[in-house]
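# model the following, please.
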Amino acid sequence: MNHSIHSADRGTHLKIVVVALVAGIAVAAFGIAARTNAEFSQTAQSTHVIKAGKPVAITSSRASEIR
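The predicted model follows:
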């Protein structure tokens, strides 16, 4: 049992590298799988164009009304 990375032997370093590599591959695979199952695909048929309408002026008066 090695409590420090400095005193660890070659086998412990190899285990750390293998676990990190497997975890990285798992995260990348999950990200790719989540991306390909998305409902929003960027094809020419499914793109929606939103056009701007007429300009609108919004004003607000912060003055309190006294009656």
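# how about low-confidence regions in the protein?
For the chain, the stretches flagged by pLDDT under 70 are 1-2, 36-47, 61-67.
# helices of that one, residue ranges please.
10-36 (DSSP state H).
# roughly how far apart are Ser7 and His13?
11 Å (Cβ to Cβ, to the nearest Å). (Each C-beta comes from the backbone N, C-alpha and C, glycine too.)
# Leu21 too?
13 Å.
# now swap in Ile5 and tell me
Taken as Cβ to Cβ, the span from Ile5 to His13 is 8 Å.
# neighbour count winner among these two?
His13 (12 against 9; other Cβ atoms under 10 Å).
# tell me the contacts of the more buried one?
By Cβ atoms under 8 Å, 6 or more residues apart in numbering, His13 lies in contact with Ile5.
# begin at 708 from here
Taking 708 as the first residue, the last one we looked at is His720.
# quick check: the gap between it and Val734.
21 Å.
# so what's the residue count around Thr719?
For Thr719, using other Cβ under 10 Å, the count is 13.
# wait, Lys722
Neighbours around Lys722, by other Cβ under 10 Å: 11.
# got it, and Val756?
4.
# got the phi and psi for it?
phi -100, psi 130 (degrees, to the nearest 10).
# likewise for the one 4 residues further on?
Backbone torsions for Gly760, taken as degrees, to the nearest 10, come to phi -90, psi -160.
# count of neighbours near it?
Neighbour tally, Gly760, other Cβ under 10 Å: 6.
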